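In: Below are the sequence and a predicted model; questions follow.
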Amino acid sequence: MARKEDHIISLGVISKILIPFIQLYSYYVLAHGDLGPGGGFQGGVILGSSIILYVLAFGEEEGRKLVSQKFNDIFSSVGVLVYAGVGILCLIAGGAYLEYSKFPLDHHLAHHLGMYGVEIGVQITVSAVMTTLFFETARKDDETFESKKKKKMEPSNLKSS
Amino acid sequence: MIEIIDVFLLFFIVVCSVAAIFLKDLLSAIIILAAFSFLMAVEWTVLNAVDVAFTEAAVGAGITSVLLIATLSRTKRYEEQVNVPKEFAPVVHKGISTKIMPIVVVVITGAVLLYGTIDMPAFEDPNAPINKHVAPTYIHDADHEAGSINIVTAILANYRGYDTLGETTVIFAAGICVVVLLRREKWPEKKIT
Amino acid sequence: MRFLQHLPVLVILIPLISAVVIPVIGRVNRFACWIVSCVALFFSLSGSIYLLNKVANTGKVTYHLGGWKPPWGIEYSIDHLNGFVITVIAFIAFVVAFYAEKSVEHEIEERKIPAFYSIYMLLITGLMGIVITGDIFNLYVFLEISSLAGYALVALGKHRNALVASFNYLIFGTIAGTFILIGIGYIYMQTGTLNIADLRERLPEFYNSTVILTAFAFFTVGLCLKVALFPLHFWLPKVYNYSPSVVSSIMAAVGTKVGLYVMLRVMFTVFKVEFSVENVPIANILIIISSIAIVVGSILAIAQTKIKLMLAYSSIGQVGYIVLGATLTNQIAMTGSIIHILNHALMKGSLFLIVGCLVYKAGIERIDDLEGMGKRMPFTMAAFTVSGLSMIGVPLTVGFVSKWHIAIGALDAGMWYFVPVLIISSLLTAVYFWRIIEKIYFYEEPALLHEDRRVNININWDRREKRENFGDRRINLERRSEFKGTRRKNKEDRRRQLDKQWQPLEQWDEHGRWEVVKNDRRVSEEDRRQFMPDRRSLEGIGRRTRDYNLALIKRGEAPWTMLAPTLVLSGACIFFGIAAKIPVAIAEKAAAMLLR
């Protein structure tokens, strides 16, 4: 068996090679939703899993440096807001809610842009929520990045059973 | 030929789900569920539902397993009997009733579902109502009316875009529910007076 | 004018957006969360009143989302029935949200408050979205939002068992949701459409198809589970009991009502009356089940010792009223059933808000502890009396209006034998409410007000040290309650007194609950866990709850932000009892529409 350090190094190196491709693929899936299978939801899941892979390879502390709790929380809201916002833009443009054709653009382009807008919203929320779910459900040792900052433990940390 | 593949897939799907129920080792159960999801994804592909297959593979076989294992890291690997507060006992207590009742309920539900299939229009029947009413318009108009060659995307993001907004909200709700129940740090991080 | 034209979607969208924005706002200011949710719900309330008014004047209002025509896109269609129900939801939701600030501060950990408001708004969005939509799959999507929010809200309860209750609710709620989804899938398979109006037209030719029969069976069972109709009610009492007061109010007032609305829609709009009554005997079965539910719910309510549990069981009976009124398939009874959606929301909302006031101010959860509360909290108790009388069905209150309509409807349909059921259940209701009203006004208040017993009123959850002490102090607290009325003036005396009181503690060993190590103020690990496992079991177990809670009793009313909504709801119980014409007129039209 390889030593522990070797294992971590190879895991880290391979993840670092893979992660950009996974993320690129997630945007491919998002952008090609109207041509082949895929879309915001799948793209979001793939993006989220790339971040989860990073956390698995480098630990929670490093992961939190990449995407902080605040970042995650805000972006899970932002995605829905983007989606709802596209609908409100349609209202402002004079159509019904989510009626993309009322954008002052070419008919086809308007639909394209509207659909991309909402898919991006879906992707943001899904990836942020998936990352959040992983961070919240995975076990934390008491010496993690977050709790190091505070010396005192939270009461709910004491016994979760 | 395709029928043979179908039968094999369905057989293994059933085997996987039964195995996942009876395994006491939860980690194995999760792995088997991942296999189940993957077989489902293949089955969706066989049924020509490529988008669903893609989602099933990414979500069911991929990220759900990771999340379940993450959850397992916080609990225990093997199933054990826990003491449930007395007032909840009728639902969870051990004994014959809890072993037989679920089976009875499941068998009845399954029987009713099977009964429903008697008059069901055949799969891929071009004259079935499902293919006659709204579907032709979607197929015909999705490209020039809704701006997407992929009809599924056209329906999800355009024709029924509002449903997708609802689904996105469901995801958001799931996130915030998990945060409110499981997060042990201060939330939000900053101390606020 | 263009703004008003988009009102149907904005009524749903504004709470949804606020739900999403609140967690972000909560990072800056917690108070703002409350303001935002109140403002959003006020907007929804005024919007839905406007819509209801428009529907009453000009008829059905429709809105095509995305500009797609109905069978292809999603349609919002508002008629008398859902205009009415959505106004009820918005009204109760606004009142409860206004009430929430202080109550939530008291019952939920501070760091969770922004998330609480966010999930609350998601719940309301879901409930309103279910009601307003004219598309059956869209209905399911919003059902999912509201259920998910409901599970989390229940789990926020302080008691440890709240998590188990929530888990229970999650399992049954998910089963119900799955059944409804199977129903939708089967219907779609046979008709190829999801639009409710379109379904109504296309379904009759398939009425004898097994697919449709199966779909209807799944709908019925799923919805019965969702509304907690009698044999499937077991999840409900625990949920109401363990959730925070605000949550039990909103769930009891409008949570199950939405399920009932969906039931009416499916039975009488998606399927025609002929189908629900003649093709399948489900209406007849439901009549019998609901009359059993009415009686059993009332009897179980009498047996309870906790106020919330009593109200929960009474809700099970009240759900029976609505189902009974609907399945009599008589226009007057149906009117009664629809008004009862409003009436029961007002009564139960008010009662649960009162329980919230009691918990906030006095920590009271048990019926026995209400002795003499009439003097301590006169306004709250007056509101309780009014709502209680209304539940009994005294004339000039809302309870009377709906019971009257259902009884007349039963006579009109030639089913006089349901009138005794109504009368018996009213008498049983009178029994359990009179028991409380008697305690409130005709009993002396117990001499339990005691300075020493307030030791631990303000426990700071963020500090571990205090919690460490808590176990010991808690025991002091328990013991002292056995020596009522002993009040020491200076601290040393008090301590001596406490030390003396440690003596009898060892006697408790016989009951297997205590193990005191040589008078050393240490208890066994197991008991320690019983008393200080985590914040959820603050309430302790069984009788001890009472001792602790009484320590919190202070004279006077709850703060006005809590008292005012309570009084508004109980006042509405009388207002709509006297001015019954307004809701009755709308309900009559809705009933005629359902039974056409």
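Out: Good, I have the coordinates. Residues are numbered from 1 along each chain as shown, chains lettered A, B, ... in the order given.

In: which residue sits closest to the residue of the stretch 51-200 of chain C found nearest chain A, ignoring its sequence neighbours?
Out: Across the stretch 51-200 of chain C, the shortest distance to chain A (CB to the nearest CB) belongs to residue C:67, at 3.6 Å. C-beta: built from backbone N, CA, C; applies to glycine. Distances taken as CB to CB, 6 or more residues apart in numbering or on different chains put residue A:99 closest to residue C:67, at 3.6 Å, once the chain neighbours are dropped.

In: what is the rounded mean pLDDT of the helix or strand hosting residue C:311?
Out: Element membership for residue C:311, per DSSP states H and E: helix C:307-327. Across helix C:307-327, the average pLDDT comes to 92.

In: Spatially central residue in chain C, please.
Out: Ranked by distance to the mean C-alpha position of chain C (CA atoms, centre = their mean), the top residue is residue C:252 at 1.7 Å.

In: Thought residue C:240 was touching that residue, still the case?
Out: Yes. Counting by CB atoms under 8 Å, residue C:240 is a contact partner of residue C:252 at 5.8 Å.

In: Give the residues shared as contacts by those two.
Out: Residues touching both residue C:252 and residue C:240 by CB atoms under 8 Å, 6 or more residues apart in numbering or on different chains: C:311-312, C:315, C:352.

In: Write the ChimeraX selection for whichever of those residues are buried.
Out: To isolate in ChimeraX the members of those that are buried, counting by 16 or more other CB atoms under 10 Å in any protein chain shown, one can use:
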select /C:311,312,315,352
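
In: Could you save the shared contacts of residue C:252 and residue C:240 as TSV and add columns showing distance to residue C:414?
Out: TSV is the format used below for those (distance: CB to CB, whole Å):
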residue	distance to residue C:414
C:311	34
C:312	34
C:315	29
C:352	37
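
In: Kindly indicate which of the shared contacts of residue C:252 and residue C:240 lies nearest residue C:23.
Out: Nearest to residue C:23 out of the shared contacts of residue C:252 and residue C:240 is residue C:352 (CB to CB; 26.0 Å).

In: quick one: contacts for that closest one?
Out: C:240, C:245, C:248-249, C:252-253, C:308, C:311.

In: Need the pLDDT of residue C:547.
Out: Turning to residue C:547, the model gives it a pLDDT of 35.

In: right, I mislabeled it, should have said residue C:136
Out: pLDDT, residue C:136: 93.

In: Residue C:465 too?
Out: 32.

In: Find the nearest non-adjacent residue to the most centrally placed residue in chain B, please.
Out: Centroid-nearest residue in chain B, with CA atoms, centre = their mean: residue B:60, separated by 7.3 Å. Once flanking residues are discounted, residue B:60 sits nearest to residue B:37: 3.1 Å by CB to CB, 6+ apart.

In: hang on, that neighbour packs against residue B:61?
Out: Yes. Using CB under 8 Å, residue B:37 is in contact with residue B:61, at 4.0 Å.

In: Neighbour count: these two, which is higher?
Out: residue B:37 (21 against 18; other CB atoms under 10 Å in any protein chain shown).

In: Counting by contacts, list what the helix or strand containing the more buried one packs against.
Out: Taking DSSP H and E as the definition, one finds residue B:37 inside helix B:26-46. In terms of contacts (3 or more CB pairs under 8 Å, 6 or more residues apart in numbering or on different chains; DSSP states H and E), helix B:26-46 is packed against helix B:2-22, helix B:50-55, helix B:64-74.

In: how big is the angle separating it from helix B:64-74?
Out: Angle, helix B:26-46 to helix B:64-74, by axes from the mean of the first three to the mean of the last three CA atoms, to 10 degrees: 170 degrees.

In: And the residue nearest the centre of chain A, how close does it get to chain C?
Out: With distances taken as CA atoms, centre = their mean, the residue of chain A nearest its centroid is residue A:127 (2.2 Å). The gap separating residue A:127 from chain C is 16 Å, by CB to the nearest CB, to the nearest Å.

In: Identify the residue of chain A closest to chain B, quick one.
Out: Relative to chain B, the nearest point of chain A is residue A:111 (3.0 Å; CB to the nearest CB).

In: burial count for that residue?
Out: 24.

In: so what pLDDT did the closest residue to chain B within the stretch 201-350 of chain C get?
Out: Residue of the stretch 201-350 of chain C nearest chain B, by CB to the nearest CB: residue C:214 (3.1 Å). Looking at residue C:214, its pLDDT reads 92.

In: Alright, I will stop here.
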